[in-house]
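Visitor: I would like to see how this sequence folds:
(one chain, ligands or ions: 1)
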Amino acid sequence: MPETDSVSDPDRRLRAAISLVSATPGYDTVGKDLSNLYDRGKLEFVPTLEDRGQATLGGRLLIGPEAVYDGLVSLAETLVHEHWHLRHQLPLEKTASFWAGFVTGKHVMRRYEMPAYKAALQFLAAVEATFPHFAEEARAEQNSIHASFAQFYGGPLTS
Ligand SMILES: [Zn+2]
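Guide: Modelled structure (predicted):
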């Protein structure tokens, strides 16, 4: 069972969020992969990071203070989002999406971000359906993902 949301140490919070991912039906494999990354020092808290999270070209996942001190569900969702970038996209897709944004006049990075946002939404729906004590936070988080995608990328999250 995942820990509750009461710990303040960043590493314990990261491990608690990874546990939540692992305990969510359908996310066992993602949870294991995150756990392996963490054990190998490739998933880490970076106090100076301005983003919530970042998947680096070198195959690392960096998590910033905004995400680590957010709710546990929100932190877990950030891990799933960044994990999607890391495992389902080639490093150069970020650059490609950036330039595609200029060429097509669509918001820069939209093409790159859309599937990761969707993966995060799917995860939150599974959390909501599985854990009654996290359901409210998972619901609120889904709303805020829709809102922030619309705000940053200028349109709804559609297929
Ligand atoms: Zn992203």
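
Visitor: how about the residue positioned nearest the centre of the chain: what's its closest non-neighbour residue?
Guide: Note on the chain: the residue nearest the mean C-alpha position is T78, at 2.2 Å, using C-alpha atoms, centre = their mean. Leaving out its chain neighbours, the residue that sits closest to T78 by C-beta to C-beta, 6 or more residues apart in numbering is A67, at 4.3 Å. Quick note: C-beta positions are derived from backbone N, CA and C, even for glycine.

Visitor: buried residues of the helix or strand of the chain with the lowest mean pLDDT, list them for me.
Guide: Lowest by mean pLDDT, DSSP states H and E among the helices and strands of the chain is helix 92-104, with a mean of 86. Neighbour-count burial for helix 92-104 flags 94, 97, 100-101 (criterion: 16 or more other C-beta atoms under 10 Å).

Visitor: packing partners of it?
Guide: On a contact count with 3 or more C-beta pairs under 8 Å, 6 or more residues apart in numbering; DSSP states H and E, helix 92-104 meets helix 110-130.
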